[in-house]
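Engineer: After the sequence you'll find the predicted model.
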Amino acid sequence: EAQVTQNPRYLITVTGKKLTVTCSQNMNHEYMSWYRQDPGLGLRQIYYSMNVEVTDKGDVPEGYKVSRKEKRNFPLILESPSPNQTSLYFCASGTNRDGETQYFGPGTRLLVL
Amino acid sequence: QQQVKQSPQSLIVQKGGIPIINCAYENTAFDYFPWYQQFPGKGPALLIAIRPDVSEKKEGRFTISFNKSAKQFSLHIMDSQPGDSATYFCAASAGGYNKLIFGAGTRLAVHP
């Protein structure tokens, strides 16, 4: 089944404790991206990657890191999480063959205390 | 500063009604306007999309109307069903995946 998977789905952590949210896609997509969803703000792009070893900042990159060492994986790293990073996070992937359609994962709900 | 303004925030209709969700944009460079549907606990999924060379696009019960001069576009759901209850996001792009800007979302409830 073609899909984007994220882990964990739910995470509670404390301020300053480094964490990684994994994202994997099995569709051989070149493009991958991370968004955060907050009430009243819709989805805002954090980082994106056009291919392996090619990443760039989105609209809200502060406090986040990413890497793209393999085509299928695009982990999101919070080196020192803060309460304002409490949010619902989505990973997405896409390919030029589908125009600009993005396929979203199921989401990771993060609470930073 | 939100580049894509979506309204209303929430909407309640009866089964069979025609909910309309509106979006307005400012950036005239936007050339791709998708709508995403999100059910609780799920990620958004592409519903329908339009480019500015057409004024309307229909897929099943879902229709996008696009007004380039007014910089507005809207989603109409014909013969709405309780299963259409979800959050809907409009978005706009000015050239590829990395430029996709989302609206704030509209929570739709279709009552039986």
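Structural biologist: That came in fine, so what should we check first? Numbers count the residues shown, from 1 in each chain, chains lettered A, B, ... in the order given.

Engineer: For chain B, give me the ranges with low pLDDT.
Structural biologist: B:1-2, B:95-99 (pLDDT under 70).

Engineer: An error on my part: the question was meant for chain A.
Structural biologist: Applying pLDDT under 70 to chain A flags residues A:96-99.

Engineer: Once you drop chain neighbours, what's closest to the residue positioned nearest the centre of it?
Structural biologist: In chain A, the residue lying closest to the centroid (C-alpha atoms, centre = their mean) is A:Trp34, at 2.9 Å. Leaving aside its chain neighbours, A:Trp34 sits nearest to A:Ile46 (4.3 Å; criterion: C-beta to C-beta, 6 or more residues apart in numbering or on different chains). Heads up, the C-betas are built off the backbone N, CA and C, glycines and all.

Engineer: Hmm, A:Gly42 is touching B:Gly103, no?
Structural biologist: Yes: look at A:Gly42 against B:Gly103 with C-beta atoms under 8 Å: they come within range, at 5.4 Å.

Engineer: Give me the residues contacting the helix or strand harbouring B:Phe66.
Structural biologist: Assigned by DSSP states H and E, B:Phe66 falls within strand B:62-67. The contact list for strand B:62-67, computed with C-beta atoms under 8 Å, 6 or more residues apart in numbering or on different chains, reads B:33, B:35, B:47-50, B:52, B:54-58, B:72-78.

Engineer: interface residues of chain A facing chain B?
Structural biologist: A:4, A:31, A:33, A:35, A:40-45, A:48, A:50, A:56, A:58-59, A:90, A:92, A:94, A:99-107 (C-beta under 8 Å from any C-beta of the partner chain).

Engineer: Which single residue of chain B ends up nearest chain A?
Structural biologist: Distance from chain A to each residue of chain B (C-beta to the nearest C-beta) is smallest for B:Gly43, at 3.1 Å.

Engineer: A:Asn84 looks like it's in a strand, true?
Structural biologist: No: applying DSSP: H, G, I helix; E, B strand; the rest coil, one finds A:Asn84 to be helix, outside a strand.

Engineer: Just the buried residues of the residues of chain A next to chain B.
Structural biologist: The neighbour count (16 or more other C-beta atoms under 10 Å in any protein chain shown) marks A:4, A:31, A:33, A:35, A:42-45, A:48, A:50, A:58, A:90, A:92, A:94, A:100-105, A:107 as buried among those.
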